[in-house]
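K.L.:
Have a look at this prediction, sequence included:
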Amino acid sequence: MSKNKTLNLISLGCAKNLVDSEILLGGLNKTDVTLTQNPEEADTIVVNTCGFLDIAREESVDTILQAAELKKAGNLKELVVMGCLSERYPDELKKEIPEVDRIFGSNDHRQIVSFLTGKEFAKDDPLFFRSLMTPNHYAYLKIAEGCDNGCSFCSIPLMRGLQKSRTIPAIMDEAERLVKNGTKELLVIAQDSTSYGWDLETKVYLSDLLRELNTIKNLEWIRIHYAHPAHLSQRIIDAMAECDKVCNYLDMPIQHASDTILKSMKRGLGQDGIRNRIHRLRSAIPEIAIRTTLIVGYPGETEDDFNSLRDFVEEMKFDRLGVFTYSEEEGTGAAHLDDNIPRQVKDDRKNLLIEIQNEISLDRNESFVGKTLKVLVDQEGENVSVGRTEYDSPEIDNIVHIQGKVDKGNFVRVRIESANEYELIGSIV
Ligand code: SF4
């Protein structure tokens, strides 16, 4: 059994994976393992992998291979792999990279800590309390795991299984502890947050959870990620409008806007349905910033399909937009379709949408010049600090440059003096 191990945890992939890493860190913090940020100093490395999309898989495999090199060189004694990629391809990983000592799934926190420390945990031990890897003032709040939707292009249900929602009391307990420790913004995440609670024995809805979270004292912002347009009900929109802590923000991946492609993707809603949801959102919450994500180059995507998507982007003027090129995922419904759009066409379509969005973003940002906005400071600097408005999520959205030094985690009022596509620049009022 190891004493005084020095461990480096490498967390790859999305915010849901980050929460898993944070739970593991919380467990490790209860042991005599020393944590290091430097893989070369470590005698144990845990890689929390991502298995969704080819680039993410490559990054995960490359990271494991780099760690394997350290093992061959002699410093590293133990290499452990967890997360989505290891859920999906455990045998292949073990066979191809024999330096890996153990492979675990995404939720095997107790087993991993037991393996690393030799300490046993009872099956009914409560989950370890997370040790945040984000700045303390914001934290992701995972409200469910898995997904029932079966979108044709997506392998996440194959890795994470069907939806399992947490109960409202369990989520509230975690949220209250986070806020007591200084968290001011909670970012609600799940594979499909708008389906939250449907699978519980006593069915609840995201709207019920939002109303509960909204009562937490000293919590300032609640931000919702990963809404599915087909499941964005009026009851959720009403709760968002009513709850003063819920940011005027929604991350709602629509994936495409051509009816033919949406049908093949099994998204459960055509273009008119998506338009209707966006209109309902904007009429209930006029200031809302909508972030969306799109896939271009899906099998069989014709010029007409793409034009329909491009026109929709121009019409809807999303506030934030991410574009992915289609990549075939083994075992998914779309994998039997011919991935027939050439790489170059996929890239051109992606670039064209990004260009259109840049103009929309610039217009949007310029409309803030002269206004005063509430900003949460994420990074303090000697001359310039960096923060975000309620219209922006960390890491993926816009930032605000604030003249002068402001302490991280504080809210300040900033008068916006200039803007570009992705940034606002201003001074404290
Ligand atoms: S909603 Fe669709 S894209 Fe999102 S995780 Fe579920 S199956 Fe995948």
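P.N.:
Looks like it arrived, so ask away.

K.L.:
Where is the longest helix in the protein?
P.N.:
helix 343-366 (DSSP state H).

K.L.:
then that one to CSV, C-alphas only?
P.N.:
Coordinates of each C-alpha in helix 343-366 appear next as CSV, following Å, rounded to 0.1, in the frame of the first residue of the first chain:
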residue,chain,number,x,y,z
ARG,A,343,-13.2,17.3,-45.5
GLN,A,344,-12.7,20.5,-47.4
VAL,A,345,-16.4,21.1,-47.8
LYS,A,346,-17.0,20.5,-44.1
ASP,A,347,-14.3,23.0,-43.2
ASP,A,348,-15.6,25.6,-45.7
ARG,A,349,-19.1,25.3,-44.3
LYS,A,350,-17.8,25.7,-40.8
ASN,A,351,-15.7,28.7,-41.7
LEU,A,352,-18.6,30.4,-43.5
LEU,A,353,-20.8,30.1,-40.4
ILE,A,354,-18.1,31.4,-38.2
GLU,A,355,-17.7,34.4,-40.5
ILE,A,356,-21.4,35.2,-40.3
GLN,A,357,-21.4,34.8,-36.6
ASN,A,358,-18.4,37.1,-36.2
GLU,A,359,-20.5,39.9,-37.7
ILE,A,360,-23.5,39.1,-35.5
SER,A,361,-21.2,39.0,-32.4
LEU,A,362,-19.6,42.3,-33.3
ASP,A,363,-23.0,44.0,-33.7
ARG,A,364,-24.2,42.5,-30.4
ASN,A,365,-21.1,43.6,-28.6
GLU,A,366,-21.0,47.1,-30.0
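
K.L.:
Now do that helix: which elements does it pack against?
P.N.:
Here helix 343-366 touches strand 289-296, helix 303-316, strand 320-325, strand 411-419, going by 3 or more CB pairs under 8 Å, 6 or more residues apart in numbering; DSSP states H and E. (Each C-beta comes from the backbone N, C-alpha and C, glycine too.)

K.L.:
got the angle between it and strand 320-325?
P.N.:
Counting by axes from the mean of the first three to the mean of the last three CA atoms, to 10 degrees, helix 343-366 lies at 180 degrees to strand 320-325.

K.L.:
Please identify the buried residues of helix 343-366?
P.N.:
V345, K346, R349, K350, L353, Q357, I360, S361, R364, N365 (16 or more other CB atoms under 10 Å).

K.L.:
picking up where we left off before, could you export the helices and strands packed on helix 343-366 as TSV, including mean pLDDT?
P.N.:
Below are these laid out as TSV (pLDDT from 0 to 100):
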stretch	mean pLDDT
strand 289-296	98
helix 303-316	98
strand 320-325	96
strand 411-419	97
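
K.L.:
coming back round to it: sheet partners, orientation included, of the helix or strand just after the longest helix of the chain?
P.N.:
Proceeding N to C from helix 343-366, the next assigned helix or strand is strand 372-379, under DSSP states H and E. Applying DSSP bridges to the sheet, strand 372-379 is found paired with strand 384-388 (antiparallel), strand 411-419 (antiparallel).

K.L.:
who wins for proximity to the ligand among the ones you listed?
P.N.:
strand 384-388 (24.5 Å; CB to the nearest ligand atom).

K.L.:
and after that closest one, which helix or strand comes next?
P.N.:
Heading C-terminal from strand 384-388, the first helix or strand you meet, by DSSP H and E, is strand 399-403.

K.L.:
Next, find the distance separating S86 from the ligand.
P.N.:
Distance of S86 to the ligand, given as CB to the nearest ligand atom, to the nearest Å: 18 Å.

K.L.:
what's the neighbour count on that residue?
P.N.:
27 (other CB atoms under 10 Å).

K.L.:
Model confidence at it, what's the number?
P.N.:
pLDDT for S86: 92.

K.L.:
can you pull up the bridge partners for the nearest residue to it once chain neighbours are set aside?
P.N.:
Residue nearest to S86 in three dimensions, not counting chain neighbours: I103, with 4.7 Å by CB to CB, 6 or more residues apart in numbering. I103 forms beta bridges with V81, as assigned by DSSP bridges.

K.L.:
give the contact list for I103.
P.N.:
V80, V81, M82, S86, P90, L93, K94 (CB atoms under 8 Å, 6 or more residues apart in numbering).

K.L.:
sorry, back to before: possible to save the buried residues of helix 343-366 as CSV with distance to R267?
P.N.:
Below are the buried residues of helix 343-366 laid out as CSV (distance: CB to CB, whole Å):
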residue, distance to R267
V345, 22
K346, 19
R349, 18
K350, 19
L353, 18
Q357, 21
I360, 23
S361, 25
R364, 26
N365, 30
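
K.L.:
S193 against A144, yeah?
P.N.:
Yes: using CB atoms under 8 Å, S193 is in contact with A144, at 7.4 Å.

K.L.:
Can you name the residues of the stretch 101-250 of the chain that neighbour the ligand?
P.N.:
C147, N149, G150, C151, C154, I156, P157, Q191, D192, H228 (CB under 6 Å from any ligand atom).

K.L.:
try 8 Å this time
P.N.:
By the rule CB under 8 Å from any ligand atom, the part of the stretch 101-250 of the chain lying against the ligand is 147-151, 153-157, 160, 191-192, 226, 228.
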